[in-house]
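Participant: I need the structure of the sequence given here:
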Amino acid sequence: MLNTPATSTQVTHGQRLWLYATVALVMAFLVIPCILVIPMSFSDSQYLEFPPRSLSLRWYEAFFTSTEWIQSAVVSLKVAGLTTVLATVLGMLASYGLYKATSVFTPITRGLLMLPMMIPLIFVAIGVFFVYARFGLNNTITGLVLAHTTLAIPFVMIAVGNGLKSFDPNLERAARSLGASPVTAFLTVTLPQIRISVFSGMLFAFVTSFDEVVVSLFVSSGANSTLTKRMFANIRDQVDPTVAAISSMLVALSIVVLIAAQFVKRKDA
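Facilitator: Numbering: from 1, shown residues only. Coordinates of the predicted model:
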């Protein structure tokens, strides 16, 4: 098997062993820490330990019976849901507008919209904090949604932009020539063609918001603390395995979302 060609250039699998080994090491470096969290979450110990000396569900029970943890989870889900809707709509419209635009300022506009993804989050968090202080948006759901939407829009634009590069614009022109308005042509012709890209952008927006912690540390507190902020505070102050239990559930949720996305993509194809 090692002597069989791996590519059309007749490079064999044996000659690519170094590449396979490198990929395996990188994957192990990324995946093993996530896997280690799972057995740690079933520990009966008061502290994080691996391997666990005895198994228990006490830390999952601690999460589901804690009003503070549940409240933070609800806040994160609420913020992530609202961010997903807002970022998907704005990111999709921005990407479509830039796709249609022919101005010399189009690349500059695209770069400005991508800035939140390129600037270090700590700078964004500090700027957002001082702006929100003037408008009373700190420690509010509205402030969190607006901040997370700003961070998520670039990811939606990238996903939708990739879809727009592969769709057939002649179908939209045909719809316009038959009397359809620009909005009708987009909703009935263009959007169905790029729906997988839009769906991918929605997933990126949701994950970006739900997983965000740096900005949340600055602009959320008390009853409006997100789950990630409370997890960070727990690690800093207490370090009990409840964090490992939550992390395990988030890993499971990520796997389910990934499988669902692949299923939708395959079904659409």
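Participant: how does this structure divide into domains?
Facilitator: Domain segmentation of the chain under automatic domain parsing yields 14-59, 66-268.
Participant: TSV for those, including mean neighbour count?
Facilitator: For every residue, glycine as well, the C-beta is placed using N, CA and C. Shown next, in TSV, are these (neighbours: other C-beta atoms under 10 Å):
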stretch	mean neighbour count
domain 14-59	13
domain 66-268	17
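Participant: lowest average pLDDT across those?
Facilitator: Sorting the domains of the chain by mean pLDDT places domain 14-59 lowest, at a mean of 79.
Participant: quick one: that domain to chain centroid distance?
Facilitator: In this view, domain 14-59 has its centroid 22 Å away from the chain centroid, taken as C-alpha atoms, centre = their mean, to the nearest Å.
Participant: again with stretch 142-154
Facilitator: For stretch 142-154, the distance to the chain centre is 12 Å (C-alpha atoms, centre = their mean).
Participant: contacts for that stretch, please.
Facilitator: For stretch 142-154, the surrounding residues in contact (C-beta atoms under 8 Å, 6 or more residues apart in numbering) are 75, 79-80, 82-84, 86-87, 90-91, 94, 113-114, 116-117, 121, 124, 128, 132, 137, 204-205, 208-209, 212, 215-216, 219-220, 224, 226.
Participant: now do the contacts for the most centrally placed residue in the chain.
Facilitator: The centre of the chain sits closest to residue 207, judged by C-alpha atoms, centre = their mean, with a distance of 2.5 Å. Neighbour list for residue 207: 254, 257 [criterion: C-beta under 8 Å, 6+ apart].
Participant: let's see it at 10 Å
Facilitator: Residue 207 makes contact with 80, 84, 152, 155, 253-254, 257, according to C-beta atoms under 10 Å, 6 or more residues apart in numbering.
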